[in-house]
Structure formats: C-alpha cells, structure tokens
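Trainee: Sequence first, then the predicted structure, then my questions.
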Amino acid sequence: MADAPEKHPTSRELYESCLTGAHDRPFIPRLRSDPPPFHLVPHNLLEFRKQEGKEERERRLHELWKHLPNSSYHGSGVAASRTFPAGDPLAAQRAEEMKKVYEDELLGKCGGHITNERPSHIRWPEFRRYAETKEAELWSIFHDELDLDGNGHLDAQELTLALSKAGITLPPSTLTEFMTYLTWSSHSHMINFREFRDFLLLLPRKASAAEIYQYYEVKRFMGDDGRGAARVTMEGDVSLSAEDKPLLSLWDSSDVIGDDEFDDEVEEHHDWLGAPTAFKFLMAGGFAGAVSRTCTAPFDRVKIFLITRPPEMGGAAIQPKPGMGGLKAIAGAVARIYSEGGALAFWTGNGLSVLKIFPESAIKFLTYESAKRAFAQYWDRVEDTRDISGTSRFLSGGLGGISSQLSIYPIETLKTQMMSSTGDQKRSLVGAARRVWQLGRFRAFYRGLTIGLIGVFPYSAIDMSTFEALKLAYLRSTGRDEPGVLAILAFGSISGSVGATSVYPLNLVRTRLQASGSSGHPQRYKGPWDVVTRTYQRDGWRGFYRGLFPTLAKVIPSVSISYVVYEHSKRRLGV
C-alpha cells in the first residue's frame, strides 16, 4: 500500500506557527539597500568601540592597512602643504596633486620614512595607533561640533550649517549627493558616526567642514564610489571603495601587504617598540622629567640639606614629640640656604639634575612601555596593554625604575655631593667629581647602589602602577577618552606620595651613603648596614624619616607635573 503523500503546511499555517514560536522564522538575507540595523546610540567612544567589537575592529583595520599605498617620493620626503579653494570642482591635475599630498601626509602621520630614495610602507603598529587617535579626533568633531541636536546622526540641516560656516553653499541636489556618498545606503538621509569615521579615517588633516568637502571632491573625482573608506560588502568583508572602480584609483595593487607580512608586523609590535615610536617615548619621558625637576628644585635642595646636615650645621634635629620642630627645621634650612647663596642657591645642582633626570625619566618610561607590551604578549596574553594585570603593571614599573637608576647613578652621586657641600666649599661639578674619586675611585661613584636599587624598584612600581590603575579606573567610570589636567595631577599626587612614603627609609640610607665625606656630611660609612645602625643609635626610628615632609612637598608637584607633561607629550607626538 503506497504511503500517503507528505502534506506541506500552507503559508498561513507556517505564518501562524512562526508567530506562536512553534517554528523558527525563515532567514531573510539583508539587501545592500536596507538601512543599517538599529543600535542604541553610544554615549562615549568607549561604548562605541565596545559595541563594534574588538575582533571586528581589528579585522577591519587589518584589511584597510593591507591596502594602504606607498606614498610617491617627491625628492625631499616632505609632503606639500597646498590647499585649494573649497567648493570648486577639481580639475584632473589638481585632484591628482591633492591625492599625492594626502598620501604623503598620511605616511608622515603614521611614522613612515624614506629609505634608499623610496618610501617605506606604513607599519601595522603605527597605523593602528594613528587609527585610534584619528577615531578619537573624529568622535570629538562629530559630537561636539557637527551633531547639534545630540541624536547621534548628522542630517541635511546640520551639514548645511557646518558648510555655510566654512563659506561653502551647496544646492539641494549636490548636498544630497554628498550625503549619499558618505552613507552605506542610498536611501539613508542621515549619517551616523561609523559612516563618518569610515569615510574620513584616512584623512591626515583635521576634519574641518571645508577639509571634509575637499576630501570628498578628491575621492569622487578619482573614481571612488563612496560608502566610506572601508565599507562592508554583502559577504561581510571589508572592501576599499576605490577597489570597485579602478579608474585613477588611489590604491595600487602592487602595494597590497599580505597576511604573512601582517603577522610579522604584529609579532614585531609585541616584542619591541619600533625605533620611531621608541624615540618618541624617550623624548616624552625626558621632557616630563626635565620640566618637573626644574619646577621642584627648591624642595629637593631643602630635602638634601635636612638629610645630610647635622643639627649643629643647620640640619634638622629629631624632636622627642611631634610639634613645630619640623616646620622650624624647614624654615631654618630655607634661611640657611638663602644666606649661603641667595635665591639661586635653591637651584644649586639643578643643571646636573636636569642632565641626570632627562635620560633617567626617558629610560624609565621607555622601559615601562616596553615591559607592558612584553607582559601583554607573553604573560597576560592580551592585545591591549591597558588590559594587563595589576601585577604586570607593578613589575613593569619596577623594571623601569631599576633600568633608569642603573643608567644615571654616578650623576646622582655627584649631584648629592654638590648639594650637601657647605658654603665654604666651592660647589662645582669638577670639584665634586674629584672628592668622590678620592673617596674610592670608580667604586665611590656607586656607593649605595644596592640599597638604591632595592628602594627604587618598589617606589617606581608603586608609583607607576598606581597612577595607571587610577587613570584606567577614571576613564572606565567616566567614559572619557583621556583624563584632564586636574585628574592627572590628582592621580600623580596620590601615586607619588604613596610610593615615596613607603620607601623613604631606604632612600635616606642611600642618600647618606652618597653624601658621605662631603663638607656638609663628613661622616664616613662602611656600608648600608653601618648607616642603619648609626642612624638608629642617634635618632631612633624617627631618624629614618628625617626630611619626609619636604620630600612629600616636592614629590606631589614633581610627580604630578611629570605625568601631565608626559601624557600631553605623548598625545602631541602621536604615541
């Protein structure tokens, strides 16, 4: 007996079963003309990046980076800075010139350089940093300058107003073409931030209204069909707009970078900082140290005076009970220093301090940044150094402190000798070097190094890891991209004071070893333990905290200024 034919559900039965949840709804593929799916408008850049997804962002940037062009070489390696009147149709020659200008400037922004009369391609680490910085800039422009009603989209009225302020008046038809060019769908009448960013990500200049329209004219004339710099195809792949229309394309297929080279770039990025980036970190750290040390030199002068001078020569005596003795000692030290050399006496040894602090601070911050990248790859297994553990940040800070201390310790010894000398003894670099040499030749320049390294590791580790932990917690709680000056000052004050107080006894022992034999501190010590024993016998445990108050008075502004200058220098240098 033949089986009954299988009965298929009618359309209505299928509809009702899907409506009640008995069957899954059939998949209907999206069309290119469909508007993007609805998403909640993020309130800050961190929310936007989280909404996009880390893997998706990395893939899009990777595809975009692989198709970047090598800039054409114009002889000097310096990009032309020509601009053209906005709003005028671009002729072929002018469009070609502007294309080259944009490419040259993009190469410079991403740290590209000329080798053997030819420009090198843009390396992945530099491009990634450029893209994140540019995205933050575009977010600020989009939401603070263009999106007047704050709904997360740009409409025709807002674009018209922005262009009119730049002296550009467009007829409705041209404005419609302009908006359609920037969006993913020809049916869209508003531009969201993702479309705005994708279109302008490779614009190396600040995205003013006039610059945006000029960039649009150049890309349109060169055969780009718009839809952003790296739009998503129907298959979900990233496609450069100019790839679809090869006419006068901005991109040359010979410049495409393969996946193998990308893997090499990423591996190199994890292991070590590139030479241009490392140099920028060195300069940022050096500037930060030099500025902060000069601003706080008088505090350092008073601290050394109190630590190294005995009470009979103007130093601080230990009070049996807390009171006004500390303030009197500081006032007496200030008066004595002024009487010995006037106002400039408070900056005695500052030139040597700057000579010391510039490489010390530069090496400390460079080692810290390099160590964070090493821990991110080999220990924490994360892509972003901001995601490493607190332990990794602590160890990175300690390594930065040790490397900097090893590099400048002889200069620190000379500076301490100069600052602990009395008025009768001439304070000069040559004189201090001779006195140290007579005390023990080369070994004398490294007296107290062991105790110094023991002290600097926890201090630097606590200081730098605490600062970054406070900074990251602040950014996550507020949703801001970068902390303000007042926030950095507060974080630096907390991290510096906690670090300095925790290791102050070790710092005192090291300083007395370095000042040993000077006219202001004639005591001679056999080693660190000898300093500890004699200090305790003379002053008790309170003796290990002599000079702590002026030290904190110096550390709070010093560390704060250092971090403010360092953070702003990094932004200016693009790292």
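Mentor: Yep, that arrived. Please read all numbers here as calculations on a predicted model, not as lab measurements. Residues are numbered from 1 along each chain as shown.
Trainee: what's the least confident helix or strand in the chain, going by average pLDDT?
Mentor: For the chain, using mean pLDDT, DSSP states H and E, the weakest element among its helices and strands is helix 241-244, scoring a mean of 39.
Trainee: Show me what the helix or strand where Pro359 lies is packed against.
Mentor: Following DSSP states H and E, one finds Pro359 within helix 350-378. In this structure, helix 350-378 packs against helix 259-271, helix 275-295, helix 297-308, helix 390-419, with contacts taken as 3 or more C-beta pairs under 8 Å, 6 or more residues apart in numbering; DSSP states H and E. Where you see a C-beta, it was placed from the backbone N, CA and C, and this is true even at glycine.
Trainee: which SSE is the closest residue to Glu145 other than its chain neighbours in?
Mentor: Sequence neighbours aside, Ala162 is the residue nearest to Glu145 in space, at 7.4 Å (criterion: C-beta to C-beta, 6 or more residues apart in numbering). Element membership of Ala162 [criterion: DSSP H and E] is helix 156-165.
Trainee: How far off centre is whichever helix or strand comes after that helix?
Mentor: On the C-terminal side of helix 156-165, the closest following helix or strand by DSSP H and E is helix 172-182. Helix 172-182 has its average C-alpha position 38 Å from the chain's average C-alpha position, going by C-alpha atoms, centre = their mean, to the nearest Å.
Trainee: Stretch 360-373 too?
Mentor: When C-alpha coordinates are averaged (C-alpha atoms, centre = their mean), stretch 360-373 and its chain have centres 12 Å apart.
Trainee: in that stretch, what counts as buried?
Mentor: Buried positions in stretch 360-373, judged by neighbour count with 16 or more other C-beta atoms under 10 Å: 360-373.
Trainee: for stretch 194-206, same thing?
Mentor: Applying 16+ other C-beta under 10 Å to stretch 194-206 flags Arg194, Glu195, Phe196, Arg197, Asp198, Phe199, Leu200, Leu201, Leu202, Leu203, Pro204, Arg205 as buried.
Trainee: Map the structural domains onto the sequence of this structure.
Mentor: 45-247+258-268, 273-573 (automatic domain parsing).
Trainee: if we compare the ones you listed, which one ends up closest to Thr10?
Mentor: domain 45-247+258-268 (31.8 Å; C-beta to C-beta).
Trainee: that older thread, among the helices and strands packed on helix 350-378, which gets the worst mean confidence?
Mentor: Of all these, the segment with the smallest mean pLDDT is helix 259-271, scoring a mean of 48.
Trainee: what residues are up against Val532?
Mentor: Going by C-beta atoms under 8 Å, 6 or more residues apart in numbering, Val532 touches Val509.
Trainee: What is the helix or strand Thr501 falls within packed up against?
Mentor: Here Thr501 is covered by helix 485-502, with elements defined by DSSP H and E. For helix 485-502, the contact count by 3+ C-beta pairs under 8 Å, 6+ apart identifies helix 449-478, helix 548-573 as packing neighbours.
Trainee: the inter-axis angle of the longest one versus helix 350-378?
Mentor: It stands for helix 449-478. Put simply, helix 449-478 runs at 60 degrees to helix 350-378, going by axes from the mean of the first three to the mean of the last three C-alpha atoms, to 10 degrees.
Trainee: what's the neighbour count on Phe281?
Mentor: Here the number of neighbours of Phe281 (other C-beta atoms under 10 Å) works out to 23.
Trainee: Check Gln93 too.
Mentor: By the criterion of other C-beta under 10 Å, Gln93 has 8 neighbours.
Trainee: Let's verify it: helix, strand, or coil?
Mentor: helix (DSSP: H, G, I helix; E, B strand; the rest coil).
Trainee: And it, how far from Met418?
Mentor: Separation of Gln93 from Met418 (C-beta to C-beta, to the nearest Å) stands at 65 Å.
Trainee: sorry, back to before: what comes up buried for the helix holding Ala162?
Mentor: For helix 156-165, a neighbour-count test (16+ other C-beta under 10 Å) marks Ala156, Glu158, Leu159, Ala162, Leu163 as buried.
Trainee: isn't the third one right up against Glu177?
Mentor: No: using C-beta atoms under 8 Å, Leu159 and Glu177 do not qualify as a contacting pair, with a distance of 11.9 Å.
Trainee: re earlier: what comes into contact with the helix holding Ala162?
Mentor: Applying C-beta under 8 Å, 6+ apart, the set of residues contacting helix 156-165 is 145-149, 169-170, 175-176, 178-179, 189, 191, 209, 213.
Trainee: Return the member of those residues nearest to Phe544.
Mentor: For the contacts of helix 156-165, the minimum distance to Phe544 (C-beta to C-beta) is 55.9 Å, reached by Glu145.
Trainee: number of nearby residues for the closest one?
Mentor: Other residues within reach of Glu145 by the criterion other C-beta under 10 Å amount to 14.
Trainee: Gly349: which of the buried residues of helix 156-165 is nearest?
Mentor: Nearest to Gly349 among the buried residues of helix 156-165: Ala162, at 54.9 Å, using C-beta to C-beta.
Trainee: Please report how far that closest one lies from Asp149.
Mentor: When C-beta to C-beta is applied, the distance between Ala162 and Asp149 equals 13 Å.
Trainee: can you check Ser497 too?
Mentor: Shown here: Ser497 relative to Asp149, a distance of 45 Å by C-beta to C-beta.
Trainee: So between these two, which is more surrounded?
Mentor: Residue environment comparison for Ser497 versus Asp149 gives the larger neighbour count to Ser497, 19 against 10, counting by other C-beta under 10 Å.
Trainee: Return the per-residue confidence for the more buried one.
Mentor: The confidence metric pLDDT takes the value 89 at Ser497.
Trainee: what's the burial count for Arg538?
Mentor: Close neighbours of Arg538, defined as other C-beta under 10 Å, add up to 10.
Trainee: contacting residues for it?
Mentor: By C-beta under 8 Å, 6+ apart, Arg538 lies in contact with nothing.
Trainee: Kindly provide the distance from it to Tyr181.
Mentor: 80 Å.
Trainee: And for Arg386?
Mentor: With distances taken as C-beta to C-beta, Arg386 is found 35 Å from Tyr181.
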